[in-house]
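Participant: Sharing a model prediction with you, sequence too.
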Amino acid sequence: MSTPSKSLSTVYDPRSVEKRIYAMWENGGYFQPRADIGKGAYSIVMPPPNVTGVLHLGHALDSTLQDIAIRYRRLAGYSTLWVPGTDHAGIATQARVEQSLKQEEGKTRHDLGRENFVERVWTWKQEYGGTITQQIRALGASCDWSRERFTMDPGLSKAVREVFVTLYEEGLIYRGNRIINWCPRCSTALSDIEVEHEEEKGILFHVRYPLVDGSGALTIATTRPETMFADVAVAVHPADERYQAYIGKELRLPLSERTIPVIADEYVDPEFGTGCLKITPAHDPNDFEVGARHGLPMLQCINSDGKLTDLAGAFAGLSREEARLAVANALAEQGFLVEREEHDHAVGHCERCGTVVEPFLSDQWFVKMEALAQPALERARAGELTFVPGRFGRIFEQWLENVRDWCISRQLWWGHRIPAWYCDECGAITVSRDDVTCCSTCQSTRVRQDEDVLDTWFSSALWPFSTMGWPDNTADLERFYPTSTLVTGYDILFFWVARMVFMGVHFTGTMPFQTVVLHGLVRDAKGQKMSKSKGNGVDPMDVIEKYGADALRFTLATNTSPGNDQRFVWEKVEGSRNFINKIWNASRFVLMNLGDDFAPQALRVLELDLADQWILDRLQATIAEVSEHLNVYDFGEAARAMYDFAWDDFCDWYIEFAKIGLYGEDEQRKRSVQNVLYTVLTQLLTLLHPYIPFVTEEIWQALPKTSGALVAAQWPEPSTNWENADAVRKMSLVMDAIRAVRNVRAELQLAPSKSVSMRIECDTDRDKALFEQVRDMIQRFCHADDLVITVGGTAPVQSATQVVTGARIHIPLAGLIDMDAERERLRKEEKRLVSEVERLEKKLANAGFIAKAPADVVAAEREKLADYAAKLVAVRDRITSVAE
RNA sequence: GCGGCUGUAGCUCAGAGGGAGAGCACCACCUUGACACGGUGGGGGUCACAGGUUCGAUUCCUGUCAGCCGCACCA
């Protein structure tokens, strides 16, 4: 094992560390829930990525946030379980295997046959299924791989069957001939939410349909003239005076010899188009309803492959797109086309392949939503589910209030085959938990199983409990279900979260999780969505390769704010890498200064000096702040608190203060500082561990007397013993003084290496005592070889002067100082102070403010005014004494 | 049409009813015994606009404008 030490590189190298550390954790069983229940159970199920997919930044963000939540609870003493797994991703996986089949062998799945094809997909899964889980490991995810699940595992398949059959028996799953969303390219039905609507420019064709009796014509308006061969009526609004006389008459459908009736239906909007609506029940969901109301026939003129049927006569065989033009032209030639009007409308596209979705009449299986949505809704409204951020709760409820039945059958081969068998003898349907060999009605053995499989989201909806062994009553289910938190992107709120909720409520009687944390998308540097087609994607594995997993994690977690998108910028990763390197080097510093014989001891308050007291106060405040943010899943804010403490307070200030004690002669002082350094570092590493687990573990392993692994260490408690407002107040004065001197040095261009003399004139003996106490710090930080501290007195004219609370700091610079510049600087300072004083005087002169503002606010403002006023007096004095 | 998000420094973004913040970029200085993936100092913002509530608003409310996103869609 490499140890950070003097002999080692000053730059942390994640590549030499991460694999080894991960293997140590995984082989050590650290990711499995501890046996003793400790503070209680805390569990998360991982949103299962596509088994044959590769990791993208969205997964990386999602996994990082989950890992932070899990590692935090593990350190805090909970028995934690994070269940990983993958999803069979029906359409995507099938499409990929079909593609390779085509490329390599020039075959289609139909050439292979169902059984062989499915076997081929399983082989594919064996071969590529491990990629993404390996990538999740590379990220450092502390999930329990011994419990890894796949949606098509026997256990989970059993759960799917149980749910399907139960819902069928309850009448909540039914088979029906209805209009569904059909993707002609994927050749399967889709649910409503798998359709993406996009605004497109279209044409509204006005077409004249002549009356059979020759007494005139009605003009309908349609964007889809190619569907007119399946028209079965023209509808007008019953109250539309223009068309009263036409209701009940027959029209002759142009381009075909059929006649269709004019009907009246409230659905028609008289204001739109011509007020006459052609009714095509098999090709439009609204027309389907109208047709059903009026008992109209359902004719189909477009097939499942998107081409026109024989019903279209001469147009049969054309694609939908070709037919639209051809039909419009034919209508124009024959004088039926009255007008072409530009018309913007939203067109549905297949979420997966982008093909325009066809409303298609077919036999499909549906989940009846009302009975499932209602109880879920009631529980959500009763506050049984917490959303972070809260606004998603309303969006979630609105969706559940309006859901329509869920089409769950897919015309694919890869997935959970629908457990329904049709009898060729009597036509009955047998739905069963076990495979069926004979009809449950007539006992015939001439039964065949439904060809379709279930929507992948059907099995995902059961994930929180199916992964735990449901429907069996397992120990895990008992202990870890319902789960504590679900972390996922807001983009699958409806697809996944909502469905888990109603399935969980229905089948387990409880919400499947208590809290849902929704994060945003990771976009590219310009704010655009990353996509393969745009080629703007960033591979997380490249980031890990170049900067380490910790840097990637820290970048993603730091730049997240609840529910909002973030942009991926390489410079941010660089910043994270730099921070990690800073931690590494601060640790090296501590290690090389502890000495070989170091044994941590309890801190003895009396031995602590001001800087020690200050850093411990800051530490406990940081612990409290980080814990509070993590408790409410505010990952970004927690990270910021740690970053500021680590870099500013610990590295920039405390380590520099510590050097005084460390390099001094006082052995006891030295021990004391070593103990403080050790305490702060170990606790800081623990705080940081959920975000940057690798580097913190690596350092932890090198620290003396740390037993075991950091992954299983203890989260620090903020200790009230370390609260020390007095030390903080004093230190902030000291730091102000140091900054003031640095400022003078920089402005007067005094090289840092050039030492100076200093004279601090205090207002009171108390102030003098304070500066005497921190004399070493001031001299070291200001590089002052000579420091005089007095009460009152007069400084030489040839000095640069800074005024701080309670004192004036003079740096005598006879001959070196441009007094004109110094006077200018003082006047600038005077101006600043005057404006502050005026602002506060105005505020305090306001009677309303004095009367109504809280007393402590008024007091604080008065104190500020007094401070500024005193400084102003001092600055003016100085201006007078340096006047020419 | 309904609903939501965003608008703060050149860039990317935090923040909060009471003196405008960070990182990066920029300028100047510094090889000080953890770190140049570093240190010190500095410049830079009417917190989109207009009203309202309040002693006090960049923060809360309403509206406007701009950008983005859901949901529902009338052919």
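Facilitator: Yep, that arrived. Since this is a predicted model, take the numbers as computed values, not measurements.

Participant: interface residues of the stretch 551-700 of chain A facing RNA strand B?
Facilitator: By CB under 7 Å from any atom of the strand, the residues of the stretch 551-700 of chain A that approach RNA strand B are A:559, A:561, A:564-567, A:569, A:571-572, A:574-575, A:577-578, A:580-582, A:585-586, A:588-589, A:592, A:634, A:636-637, A:640, A:647, A:651-652, A:655-656, A:659, A:663. The C-beta positions use only the backbone N, C-alpha and C, and glycine is treated the same way.

Participant: Give me the subset of these lying in strands.
Facilitator: Among those, the members found in strands (DSSP state E) are A:566-567.

Participant: Now do the contacts for A:C442.
Facilitator: A:423, A:425-426, A:428 (CB atoms under 8 Å, 6 or more residues apart in numbering).

Participant: and stretch A:420-436, which residues are buried?
Facilitator: A:420-423, A:430-431, A:436 (16 or more other CB atoms under 10 Å).

Participant: Out of those residues, which comes closest to RNA strand B?
Facilitator: Taking CB to the nearest atom of the strand as the measure, RNA strand B lies nearest A:A420 of those, at 27.1 Å.

Participant: Please name the nearest non-neighbouring residue to the closest one.
Facilitator: In space, and not counting its chain neighbours, A:A420 is closest to A:D450: 4.4 Å by CB to CB, 6 or more residues apart in numbering.

Participant: can you pull the pLDDT of the one you found?
Facilitator: Predicted confidence (pLDDT) for A:D450: 96.

Participant: tell me which of the contacts of A:C442 is nearest to RNA strand B?
Facilitator: Closest to RNA strand B, out of all of the contacts of A:C442 and judged by CB to the nearest atom of the strand, is A:A428, at 34.3 Å.

Participant: Near the residue nearest to A:A420, how many other residues are there?
Facilitator: 17 (other CB atoms under 10 Å).

Participant: can you pull the contacts of it?
Facilitator: Neighbour list for A:D450: A:365, A:409, A:417-422 [criterion: CB under 8 Å, 6+ apart].

Participant: try A:R553
Facilitator: With CB under 8 Å, 6+ apart, A:R553 has these contacts: A:60, A:64, A:67, A:139-140, A:691-693.

Participant: Wasn't it part of a helix?
Facilitator: Yes: assessed by DSSP: H, G, I helix; E, B strand; the rest coil, A:R553 belongs to a helix.

Participant: Now do it against A:L65, distance only.
Facilitator: 9 Å (CB to CB, to the nearest Å).

Participant: Just give me the longest strand of chain A.
Facilitator: Max-length strand for chain A by DSSP E is strand A:195-210.

Participant: Residue in chain A with the shortest distance to RNA strand B?
Facilitator: A:A346 (2.0 Å).

Participant: Just give the nearest non-adjacent residue to that residue, would you?
Facilitator: Closest to A:A346 by CB to CB, 6+ apart is A:H197, at 4.1 Å.

Participant: I'd like the next helix or strand past the helix or strand containing A:A769.
Facilitator: Under the criterion of DSSP states H and E, A:A769 resides in helix A:765-773. Where DSSP H and E defines the elements, the next helix or strand beyond helix A:765-773 is helix A:775-782.

Participant: Of all the residues in that following helix, which ones are buried?
Facilitator: Quick answer for helix A:775-782 (16+ other CB under 10 Å): A:777-779, A:781-782.

Participant: Nearest residue to the middle of chain A?
Facilitator: The centroid of chain A falls nearest to A:H519 when counting by CA atoms, centre = their mean (2.4 Å).

Participant: I'd say A:P210 and A:L251 touch.
Facilitator: Yes: at 6.7 Å, A:P210 counts as touching A:L251 under the criterion of CB atoms under 8 Å.

Participant: These two - which one has more neighbours?
Facilitator: With neighbours defined as other CB under 10 Å, A:P210 and A:L251 compare such that A:L251 has more, 25 against 15.

Participant: That one pairs with what?
Facilitator: Beta-bridge partners for A:L251, by DSSP bridges, are A:L211, A:I260.

Participant: ok, now how distant is it from A:R224?
Facilitator: 18 Å.

Participant: any low-confidence regions in chain A?
Facilitator: A:1-8 (pLDDT under 70).

Participant: Up against RNA strand B, what does the stretch 301-450 of chain A have?
Facilitator: So the stretch 301-450 of chain A meets RNA strand B at A:345-346, A:391, A:394-395, A:398-399, A:402 (CB under 7 Å from any atom of the strand).

Participant: just the buried members of the residues you listed?
Facilitator: A:W399.

Participant: Most widely separated two among the residues of the stretch 301-450 of chain A next to RNA strand B?
Facilitator: Of all pairs drawn from those, the greatest distance, 29.8 Å, lies between A:H345 and A:R391 (CB to CB).

Participant: ok, back up a step: any chance of a PyMOL selection covering the buried ones in the residues of the stretch 551-700 of chain A next to RNA strand B?
Facilitator: Per 16+ other CB under 10 Å, the buried members of those correspond to this PyMOL selection:
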select buried, chain A and resi 559+566+572+575+577+580+581+582+585+586+588+589+634+636+637+647+651+655
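
Participant: any idea how far A:L833 is from the residue lying closest to A:G504 once chain neighbours are set aside?
Facilitator: Nearest residue to A:G504, sequence neighbours excluded (CB to CB, 6+ apart): A:P512, at 3.3 Å. A:P512 sits 61 Å away from A:L833, taking CB to CB as the criterion.

Participant: Between these two, which has more neighbouring residues?
Facilitator: Using other CB under 10 Å as the criterion, A:P512 and A:L833 rank with A:P512 on top: 25 against 21.

Participant: does A:L594 really touch A:V676, like I thought?
Facilitator: No: applying CB under 8 Å, one finds A:L594 not in contact with A:V676, separated by 11.4 Å.

Participant: and the stretch 1-150 of chain A, which residues reach RNA strand B?
Facilitator: Near RNA strand B, when you scan the stretch 1-150 of chain A using CB under 7 Å from any atom of the strand, you find A:10-12.

Participant: tell me which element the residue nearest to A:S146 when sequence neighbours are not counted falls in.
Facilitator: Leaving out its chain neighbours, the residue that sits closest to A:S146 by CB to CB, 6+ apart is A:Q32, at 6.2 Å. Per DSSP H and E: A:Q32 is located in neither a helix nor a strand.

Participant: just A:V517 next, same as before
Facilitator: strand A:513-519.

Participant: Name the strands paired with that strand and say parallel or antiparallel.
Facilitator: strand A:386-388 (parallel), strand A:483-489 (parallel).

Participant: Other residues contacting the helix or strand that that strand is followed by?
Facilitator: Using DSSP H and E, the helix or strand that directly follows strand A:513-519 along the chain is strand A:522-523. Contacts with strand A:522-523, where a contact means CB under 8 Å, 6+ apart, come from A:57-58, A:60-61, A:529-530, A:556, A:565-568.

Participant: ok, back up a step: quick one: the helix holding A:A769 to helix A:775-782, angle?
Facilitator: Interaxial angle, helix A:765-773 versus helix A:775-782 (axes from the mean of the first three to the mean of the last three CA atoms, to 10 degrees): 70 degrees.
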